[in-house]
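Colleague: Sequence and predicted structure, then a few things I'm wondering about:
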Amino acid sequence: MWPQHPYAVALAAFSSDSRVLVATMDGTARLWHVSGQLLQRFQHRGTVTSAEFSKNELLTGSWDKTAKIWKLRSPKAAGLAQKVLGCFSCFQQSRDDCITLEGHQHAVLSACYGPNCVLTASVDGTAKIWDRRGVLEQTLQGHALGVFSASFSADSRLVLTASWDRTAKIWDAARGVCLKTLEGHGLAVRSALFSKDGAAVLTASDDGSAKIWNAGSGACLRTLARPGHAIRVAVFSPDASVVLTSFDDGTAQLWDAGTGLCLQTLKGQVRPLLAMRRGFLGGAGVSQRTSPVAGTLATACLMQFFQAQSPVCLIEDRLIGPSPCQVTKAGCTTESSAPKKPKLRRCALPTGNDVTPARTLVLKQAVKECKRLSGCAAVTAQVGRDFLLDEPYDWHFKTRTEPCEPNSGFRSLVLPKAEAPRRTAWPGPAPLAELWAMGAETVLEDPPVVRFEHFLSDEEVAYVKHMASNRFEKSSVGMTYETGTSSRTSETAWLSRREDNLDAVLVNITARITRATRLGNENMEPFQVVRYQVGQEFQGHQDYLDEQESQVCGGRIGTFFMYLNDVPEGGQTHFQHWNFTITPRKGLAILWWNVNYTKLQHGDFRNGKNMDAWHQSLPVIEGEKWVVNRWLHPYDFLTPYHQGRLR
Ligand SMILES: O=C(O)CCC(=O)C(=O)O
Ligand SMILES: [Fe+2]
């Protein structure tokens with residue numbers, strides 16, 4: 001029987017000898033025998049992003065910026081430990097059993113073995129080659145943005161990297177120099193692999209296509225496209241005659257590599273292939289080192305794995321199945337009292353029994369969020385045993401369409417490490433002259449309102465839109481997050497998952513906002529992407545919310561506002577008291593302050609609400625309008641927000 005995990009599953013990897021590694025979003029990875037026996041447990045400080053087996057070792061990469069090489073215990077020893085210590089208490093790996101590869105500046109997104117070495121790829125834009133003892137040998141530097149995956153050619157002489165910067169690169173492994181850049185994809189390249197004979201390269205991109213390239217000349221030979229659906233990973237069969245692509249929406253397709261025709265479409269569940277999202281199977285089951293059959297099997301296995309879950313409440317890509325250790329099963333029931341009355345929906349998060357007061361505090365927040373976001377009338381949850389309060393967590397939950405109809409959308413709640421909010425001394429707003437030096441133009445001199453043309457590049461705009469695209473919900477207003485109001489009729493997508501804070505593109509944009517505002521990422525509410533359709537608007541309002549004044553973060557003293565497109569007609573931002581109107585322009589950013597500017601300059605952030613900052617979004621008349629808010633606070637907003645202590 002498949003195990004139940006208390007947290008969202010980040011990836012599953014298969015060994016050739018019937019072992020399955022399942023990593024959850026809390027940074028834990030567990031090694032199971034297919035029979036359901038828990039063999040070993042490994043702990044990272046962030047979500048595990050990749051895993052690869054090698055004889056008696058396991059290589060993992062993680063959001064915690066490291067890769068680790070773990071010694072695997074023999075199944076016999078693991079069995080004994082399990083007997084003695086009980087099923088979920090399977091002891092953790094001791095430090096001596098693990099080598100940590102430290103040196104990346106950001107999350108490690110892929111890690112794989114090479115000949116006597118290890119190859120890692122990171123959000124920091126580099127790939128690194130290490131020896132097996134963890135000593136850094138080579139840094140492959142040249143991508144403009146984060147690197148999703150890195151892999152060797154079969155003869156190990158070349159390295160292939162796939163990057164957010166929309167290219168793949170071929171490198172000389174020994175010298176660490178870039179030999180070829182494969183350009184042609186319209187969005188991030190998620191995975192890139194050599195064919196077994198090294199003659200061809202296969203790339204998969206968020207732009208909805210996989211491309212086959214001549215590895216020698218760098219010419220694109222064929223494009224396998226399903227527009228509108230991001231491809232997470234694409235793999236060759238051993239003779240490179242067939243390509244398997246896995247899409248964002250859970251579909252997989254088999255293609256004839258020669259003709260470019262689609263041979264078969266496998267409509268899977270979203271969840272199984274979420275595990276392939278970052279090309280995990282590319283690292284585990286389907287690299288050219290394993291057969292494609294293994295790859296396809298791995299996919300099939302994974303589907304089965306997830307389909308085996310009990311058809312009850314569903315926690316986003318988390319395994320919910322019969323548990324080997326009787327962790328209480330999550331349940332979800334539908335009750336309808338009278339006809340036409342809305343259904344009472346009950347959903348439960350997976351439960352455990354080790355609840356301390358401190359944990360309850362965090363959990364209460366999870367339940368509240370679950371209720372609010374899922375629309376379920378009742379949500380019950382307890383914290384599982386593996387819950388560690390001082391570890392950052394992502395809680396992902398989703399009520400099923402069935403039997404919890406009509407709820408849909410996926411929501412996530414971030415509960416990171418409990419740390420004290422930072423109350424940094426803010427030097428106050430940058431003087432106009434300083435903003436001009438950064439390329440700003442004055443919209444209003446007193447109080448200063450400035451605009452930055454082309455603040456966002458076209459790539460950044462495309463990237464942010466892409467990131468937001470599957471997260472939209474009805475816009476809300478105020479701290480009560482009242483939705484469906486007639487004053488704000490747009491849709492909103494928050495880029496507020498913990499991982500978003502490490503996203504290279506967002507980090508880059510934030511760095512520029514910091515220059516203009518002198519406020520750090522922690523002082524800003526997460527990126528709030530807003531989309532308006534024809535007729536949608538946001539009527540007159542002030543961004544400053546009185547309720548926030550007494551909170552640790554202080555009020556929304558300023559707004560950094562970005563436009564993601566030109567709107568054919570309508571959709572202007574109108575400031576009636578200040579008497580100016582901004583016409584949306586792709587990449588344009590506006591900075592204004594919502595409080596008395598003189599007080600702000602003197603470090604007085606309270607009671608200064610300036611009603612002159614009243615503004616509205618005029619209705620869109622033709623086309624769509626996409627914008628981004630980053631609301632600014634004098635004190636740390638993000639830490640208490642992630643801890644659920646704001647409301
Ligand atoms: O979309 C606009 O132009 C203004 C939006 C706005 O003011 C807000 O989201 O607070
Ligand atoms: Fe506003």
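Modeller: Received the coordinates, thanks. Numbers count the residues shown, from 1 in each chain. Ligands and ions are numbered 1, 2, ... in the order given.
Colleague: hey, let's count contacts and neighbours off CA atoms from now on
Modeller: Fine.
Colleague: Counting neighbours, what do you get for the closest residue to L140 other than its chain neighbours?
Modeller: The spatially closest residue to L140, leaving aside those adjacent along the chain, is A127, at 5.1 Å (Cα to Cα, 6 or more residues apart in numbering). Residue crowding around A127 was assessed by other Cα atoms under 10 Å; the count is 32.
Colleague: Contacts only, for A127.
Modeller: L119, T120, A121, T139, L140, Q141, V147, A150, T161 (Cα atoms under 8 Å, 6 or more residues apart in numbering).
Colleague: so where's the stretch 51-200 of the chain uncertain?
Modeller: When residues are selected by pLDDT under 70, those of the stretch 51-200 of the chain lie in 75-96.
Colleague: ranges for the strands of it?
Modeller: Remark: strands assigned in the stretch 51-200 of the chain by DSSP state E, counting those that start in this stretch are 57-62, 67-71, 98-101, 108-114, 117-122, 126-131, 136-141, 147-152, 158-163, 167-172, 177-183, 189-194, 200-205.
Colleague: Tell me which of the ones you listed sits nearest to I590.
Modeller: I590 sits nearest to strand 158-163 of all the strands of the stretch 51-200 of the chain, at 30.1 Å, using Cα to Cα.
Colleague: May I have the distance across stretch 112-120, first residue to last?
Modeller: Terminal residues of stretch 112-120 lie 7 Å apart, using Cα to Cα, to the nearest Å.
Colleague: Kindly apply the preceding question to stretch 537-547 instead.
Modeller: By Cα to Cα, the extent of stretch 537-547 from end to end equals 24 Å.
Colleague: How many residues are close by A230?
Modeller: 25.
Colleague: show me the contacts for the nearest residue to it once chain neighbours are set aside.
Modeller: Spatial nearest neighbour of A230, chain neighbours left out: D206 (4.0 Å); criterion: Cα to Cα, 6+ apart. Residues in contact with D206, defined by Cα under 8 Å, 6+ apart, are G186, L187, A188, V189, R190, H229, A230, I231, R232.
Colleague: hang on, the earlier thing: between the contacts of A127, which is closest to ligand 1?
Modeller: Among the contacts of A127, V147 lies closest to ligand 1 (Cα to the nearest ligand atom), at 32.6 Å.
Colleague: in the chain, which spans are helices?
Modeller: 75-85, 270-274, 280-283, 292-307, 357-374, 432-437, 458-468, 504-517, 597-601, 638-643 (DSSP state H).
Colleague: Counting neighbours, what do you get for A199?
Modeller: The burial count for A199: 14, using other Cα under 10 Å.
Colleague: give me the residue from the stretch 51-200 of the chain nearest ligand 1.
Modeller: L187 (25.8 Å).
Colleague: my bad, the stretch 301-450 of the chain
Modeller: For the stretch 301-450 of the chain, Cα to the nearest ligand atom, closest residue to ligand 1: V449, 14.3 Å.
Colleague: Please name the bridge partners of that residue.
Modeller: Beta-bridge pairing for V449 (DSSP bridges): L444.
Colleague: got a list of what it touches?
Modeller: Counting by Cα under 8 Å, 6+ apart, V449 touches T442, V443, I590, L591, W592, W593.
Colleague: Same check on R157?
Modeller: D172, A173, A174.
Colleague: The last one: neighbour count?
Modeller: So that's A174. 13.
Colleague: Poorly predicted segments of the stretch 301-450 of the chain, please.
Modeller: In the predicted model of the stretch 301-450 of the chain, residues 301-424 satisfy pLDDT under 70.
Colleague: could you redo the last one with a cut-off of 90?
Modeller: Within the stretch 301-450 of the chain, the segments meeting pLDDT under 90 span 301-428.
Colleague: Could you find the closest non-adjacent residue to the residue in the stretch 201-350 of the chain that ligand 1 sits nearest to?
Modeller: In the stretch 201-350 of the chain, the residue that lies nearest ligand 1 is G228 (25.6 Å; Cα to the nearest ligand atom). Spatial nearest neighbour of G228, excluding adjacent residues (Cα to Cα, 6+ apart): G208 at 5.6 Å.
Colleague: wait, doesn't the one you found sit right on H229?
Modeller: Yes - here G208 lies in contact with H229, judged by Cα atoms under 8 Å, at a distance of 4.8 Å.
Colleague: Those two: who's more crowded?
Modeller: Between G208 and H229, counted using other Cα under 10 Å, the more crowded position is G208 (21 against 18).
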